[in-house]
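Peer 1: Using only what follows, build the 3D model:
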Amino acid sequence: MFIPKSFQPSQHSSIIEMIQQYPLATIITIIDGVPVASHVPVLYLNDEQGERLITHIARANPMWRHLDTPWLIVFTGASHYISANWYPSKAVSHKEVPTYNYQAVHITAKASLANEAAAIDILSKTTDYFENQLHNTNPDHTPWRLTDAPDEFIHNMCKALVAIEFDILDVQASFKLSQNKDAQNRQGVIDGLSQLDTHESRVMADLIQRAKAATEQ
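Peer 2: Numbers count the residues shown, from 1 in each chain. From the prediction side, this is the model:
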């Protein structure tokens, strides 16, 4: 991935925060010389086994049969169109053009298949993660647990799935948050996004504000 220096995240923790906030990833591998992709939730773990990623795909998906080369896992975070009219300098020089802000993380990883016991653990960790998020947002939500379903049902379901663990080989990230603009123009972008008052614009405005504040410290 091409990453201008100004868009490189300075902290590893900000990369982890993004992929935890936007866990739906595109996993890519090569089958018979052709790139093949699937879209699945991929979770980041950091425990006694170290940093790694986990996911599961349908057994009917041929991707799991091709583990001889590393896979590319792409996470896409917040994004938004940025109008040139939001830059105060545009009114003076007219030498500004629109652009698109975004967050993207590319992880190259070695995929390996999990056995059935590990597969159940991966499914449990995955559902617990998302169910706990729902509960944190709405305390009235009762989290669903894997143990809520009959053991035989879960066992049969696992036959139709393949659980995958990833050893992380390389991490690249590009957070394009108007860092290449001066403070006045960045504030103009924040103001323009804030006036839209949509969820996406508010998220992007907050990210730009945080990046702007970090450079002013």
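Peer 1: Check residue 37 and give its pLDDT.
Peer 2: Reported pLDDT at residue 37 in the predicted model: 97.
Peer 1: How about the contacts made by it?
Peer 2: Contacts for residue 37 (CB atoms under 8 Å, 6 or more residues apart in numbering) come out as 26-28. C-betas here are computed from N, CA, C, even on glycine.
Peer 1: Please apply the same query to residue 161.
Peer 2: Contact analysis of residue 161 by CB under 8 Å, 6+ apart lists 56-59, 119, 123.
Peer 1: quick one on the thing from earlier: okay, and which of the contacts of residue 37 map to helices?
Peer 2: Per DSSP state H, helices hold no members of the contacts of residue 37.
Peer 1: Which single one of these is nearest to residue 103?
Peer 2: The shortest approach to residue 103 among the contacts of residue 37 belongs to residue 26, at 14.1 Å (CB to CB).
Peer 1: pLDDT wise, what is the residue nearest to the closest one when sequence neighbours are not counted at?
Peer 2: Setting aside the residues directly before and after it, residue 26 is nearest to residue 74 in space (CB to CB, 6 or more residues apart in numbering), at 4.4 Å. Looking at residue 74, its pLDDT stands at 98.
Peer 1: Give me the mean pLDDT for stretch 177-192.
Peer 2: The average pLDDT within stretch 177-192 is 95.
Peer 1: Contacts for that stretch, please.
Peer 2: 4, 6-7, 82-83, 85-89, 96, 101, 103, 204-205, 207-209, 211-212, 215-216.
Peer 1: and that stretch, which residues are buried?
Peer 2: Judged by neighbour count (16 or more other CB atoms under 10 Å), stretch 177-192 contains these buried residues: 177-179, 181, 185-190, 192.
Peer 1: swap in stretch 128-144?
Peer 2: 129, 131.
Peer 1: Same question for stretch 191-211.
Peer 2: Neighbour counts over stretch 191-211 (16+ other CB under 10 Å) mark 192-193, 201, 203-205, 207-209, 211 as buried.
Peer 1: just these now: which is nearest residue 70?
Peer 2: Closest to residue 70, out of all of those and judged by CB to CB, is residue 207, at 29.5 Å.
Peer 1: and the gap between residue 186 and residue 199?
Peer 2: To residue 199, residue 186 is 21 Å away according to CB to CB, to the nearest Å.
Peer 1: nope, residue 27 is what I was after
Peer 2: Applying CB to CB, the value for residue 27 to residue 199 is 26 Å.
Peer 1: Kindly confirm my reading that residue 191 is in a strand.
Peer 2: No - under the criterion used here (DSSP: H, G, I helix; E, B strand; the rest coil), residue 191 is helix, not part of a strand.
Peer 1: Specify the beta-bridge partners of the closest residue to residue 110 other than its chain neighbours.
Peer 2: Using CB to CB, 6+ apart and skipping the chain neighbours, the partner closest in space to residue 110 is residue 167 (4.5 Å). Residue 167 forms beta bridges with residue 52, residue 110, as assigned by DSSP bridges.
Peer 1: State the distance from residue 167 to residue 98.
Peer 2: Applying CB to CB, the value for residue 167 to residue 98 is 40 Å.
Peer 1: If you count surrounding residues, which of the two has more?
Peer 2: Neighbours per residue, other CB atoms under 10 Å: of residue 167 and residue 98, the larger number sits with residue 167, 14 against 11.
Peer 1: Determine the set of other helices and strands touching whichever helix in the chain runs longest.
Peer 2: Longest helix in the chain, counting residues (DSSP H): helix 116-137. Using 3 or more CB pairs under 8 Å, 6 or more residues apart in numbering; DSSP states H and E, the elements in contact with helix 116-137 are strand 43-47, strand 50-58, helix 151-159, strand 161-176.
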